[in-house]
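Asker: Structure for this input, please:
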Amino acid sequence: MFDLQSFMDPAPEYRVHPFWFWNGEMADDQIRLQIREMAEKGLGGFFICARQGLKIPYLSDTWFRKVKVAVEAAKEHRLNVWLYDEYPYPSGIAGGEVVLEHPEAKHYTLV
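Answerer: As a prediction, the model looks like this:
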């Protein structure tokens, strides 16, 4: 049954979830500020996407500490958080970390 109130004020899972490109230093105060701004604009959450220019090592302890800052701030604002693994490209290579640990996981091409 159609619920006009839910349509006018949808739950977070039904709102826009943009890719949030992380590059540069990613200062904790900027992470919190940008999350607050996303909530104020009516977003339902975001995908954290590492991108070229990121100054902290991808998948490092520092990286995950920054992710924790984002998750805690998002929780305060009732936003969903997703981690996007496409760093850099193609999808799923985790910034080269996977094949460093598991060289057998390298892709092969048939010619």
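Asker: Please enumerate the strands of this structure.
Answerer: 19-24, 45-54, 80-84 (DSSP state E).
Asker: so which of those gets nearest Leu100?
Answerer: strand 45-54 (16.2 Å; C-beta to C-beta). Every residue, glycine included, has its C-beta placed from N, CA and C.
Asker: now the closest one: mean pLDDT?
Answerer: Averaged across strand 45-54, the pLDDT comes to 93.
Asker: what packs against that strand?
Answerer: Counting contacts by 3 or more C-beta pairs under 8 Å, 6 or more residues apart in numbering; DSSP states H and E, strand 45-54 is packed against strand 19-24, helix 61-76, strand 80-84.
Asker: what angle separates it from helix 61-76?
Answerer: Strand 45-54 and helix 61-76 are oriented at 150 degrees to each other (axes from the mean of the first three to the mean of the last three C-alpha atoms, to 10 degrees).
Asker: buried sites along strand 45-54?
Answerer: Gly45, Phe46, Ile48, Cys49, Ala50, Arg51, Leu54 (16 or more other C-beta atoms under 10 Å).
Asker: quick one, what contacts the first one?
Answerer: Residues near Gly45 by C-beta atoms under 8 Å, 6 or more residues apart in numbering: Pro12, Glu13, Arg15, His17, Ala74, Leu79, Asn80, Val81, Trp82.
Asker: wait, what's in contact with the last one?
Answerer: Put plainly, it is Trp82. Per C-beta under 8 Å, 6+ apart, neighbours of Trp82: His17, Gly45, Phe46, Phe47, Ile48.
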